[in-house]
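**Q** need a structure here:
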Amino acid sequence: MQRFGPINGLAGKRRLNVLFTRAKQKIVTFSSMTAADIEADEHTNPGTYMLKRWLAYAAGGILDAGEETENEPDSDFEVFIIDQIRAMGCKPVPQVGVAGYFVDIGIRHQEWPHGFILGVERDGATYHSAKFARDRDRLRQEILENLGWKLHRIWSTDWFNNPRQETERLRKVIGERLTFLKNREHEYVQTPKQQTATVVVKSEPATAVTNLFEPEPPMLSAPIQLMPSSKAERRVEVGDTVRVRYLTDDKRIIKITISNSQSDASHGIVHHRTPIASALLGAEAGDEVEILVGSYIRPAIIEDISKSNGGRAP
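**A** As a prediction, this is how the structure comes out:
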């Protein structure tokens, strides 16, 4: 279950944005999970996706971790390089989207679960013979490096003249980059004494630094819940009736039955695809949720869950 309390809500992205931007000089992140543990992309829940990207940045220092576009390699030369990278035990990904640009080949490594370790750019002498093309490519590289990407450039003429030497040079760069990232992570990693941890972001007068715990079984204490309940019957499911109390204004209590067929407001029945149902599904009694009412987001707490089989959530 990928539930992170208020971060899953409609205002989750805004909450994280406020959290990250209020720190004056330093943000310290303690986490028992990594970005790889979070199943989210830019087309899913924005709050969860922002949390994933933050953890990726905390681990590797890359502001834009890149997106797999599923685009095909655009030349036979690029296909050949991809085959060589794959033979080194890495996962090559062609045409990675970063900040409106494309990195020719992004490299993932099984020993680094936080994202890409390296970007490979392949160049042709003809393309770089033009002054404006060189300037444009230099600006593009500067932008990508400022976002934290490490780029390795391959010239086609050098590769064709001595492919063995260029392959070994690429292998060496990959090894050095992996070592650098693991050493960087090791500087900040602490092994938690228990299997629980809390994500904390605070401001302190010191040099910017980011701490990230070594991956542990994904169990977090409040305010973030990562592990599912050991009993599925504790969670809100389609067919359940949920008693919800708003936490603002009149503290009104409402009862909602989630249906897989249709909504009937007069009887408190809502379709499972409505915003209010989406906020409740998968939550447990005692969880705080955010419910969209008209154009406003109202915080609420789940007080009771009546299961469709007639029982109650423990």
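**Q** so the closest residue to Ile276 other than its chain neighbours bridges to which residues?
**A** Across the structure, with CB to CB, 6 or more residues apart in numbering as the measure, the residue nearest Ile276 apart from its sequence neighbours is Ile291 (5.3 Å). Placement of C-beta: from N, CA and C, glycine included. Beta-bridge pairing of Ile291 under DSSP bridges involves Arg298.
**Q** Just confirm Ile291 contacts Ile297, I think it does.
**A** Yes. Checked against CB atoms under 8 Å, the pair Ile291 and Ile297 is within contact range at 7.2 Å.
**Q** which of the two has more neighbours?
**A** Set side by side, Ile291 and Ile297 show unequal neighbour counts under other CB atoms under 10 Å, the larger going to Ile291 at 21 against 15.
**Q** Model confidence for Asn161, exactly?
**A** pLDDT recorded at Asn161 is 91.
**Q** quick one: it and Ile82, what's the gap?
**A** Summarising the geometry, the distance separating Asn161 from Ile82, computed by CB to CB, to the nearest Å, is 20 Å.
**Q** cool, Leu151 as well?
**A** The value you get for Leu151 to Ile82, if CB to CB is used, is 16 Å.
**Q** Tell me the predicted confidence for the most centrally placed residue in the chain.
**A** By CA atoms, centre = their mean, the chain has its centre lying nearest to Lys52, at 2.2 Å. Reading off the per-residue confidence, Lys52 sits at a pLDDT of 83.
**Q** now swap in the one 10 residues further on and tell me
**A** Listed pLDDT for Ile62 reads 69.
**Q** between Leu151 and Ile82, who's got more neighbours?
**A** Residue environment comparison for Leu151 versus Ile82 gives the larger neighbour count to Ile82, 20 against 15, counting by other CB under 10 Å.
**Q** Is that one part of a helix or strand, or is it coil?
**A** helix (DSSP: H, G, I helix; E, B strand; the rest coil).
**Q** Chain neighbours aside, what residue packs nearest to it?
**A** On the basis of CB to CB, 6+ apart, the spatially nearest residue to Ile82 that is not a chain neighbour turns out to be Pro92, at 4.4 Å.
**Q** so what's the one you found bridging to?
**A** Going by DSSP bridges, Pro92 is paired in beta bridges with Ile107.
**Q** OK, contacts around it?
**A** Contact criterion CB atoms under 8 Å, 6 or more residues apart in numbering gives Ile81, Ile82, Ile85, Arg86, Ile105, Gly106, Ile107, Arg108, Val120 as the residues in contact with Pro92.
**Q** Please repeat the previous calculation with a cut-off of 10 Å.
**A** When contacts are counted by CB atoms under 10 Å, 6 or more residues apart in numbering, Pro92 touches 73, 78-79, 81-86, 104-108, 118, 120.
**Q** Which of those are buried? Put it as a ChimeraX command.
**A** Of the contacts of Pro92, the buried ones go into a single ChimeraX selection, burial set by 16 or more other CB atoms under 10 Å:
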select :73,78,81,82,84,85,104,105,106,107,108,118,120
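**Q** Quick check: Lys91 touching Pro113?
**A** No. In this structure, Lys91 is not within contact of Pro113 by CB atoms under 10 Å, at 11.6 Å.
**Q** In which helix or strand does Arg122 reside?
**A** Here Arg122 is covered by strand 118-123, with elements defined by DSSP states H and E.
**Q** Using PDB, write out the CA atom coordinates for that strand.
**A** What follows is strand 118-123, C-alpha atoms only, in PDB (Å, rounded to 0.1, in the frame of the first residue of the first chain):
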ATOM      1  CA  LEU A 118      25.300   8.500 -15.600                       C
ATOM      2  CA  GLY A 119      24.200  10.000 -18.800                       C
ATOM      3  CA  VAL A 120      26.000   9.100 -22.100                       C
ATOM      4  CA  GLU A 121      26.000  11.600 -25.000                       C
ATOM      5  CA  ARG A 122      27.200  10.400 -28.400                       C
ATOM      6  CA  ASP A 123      28.400  12.900 -30.900                       C
END
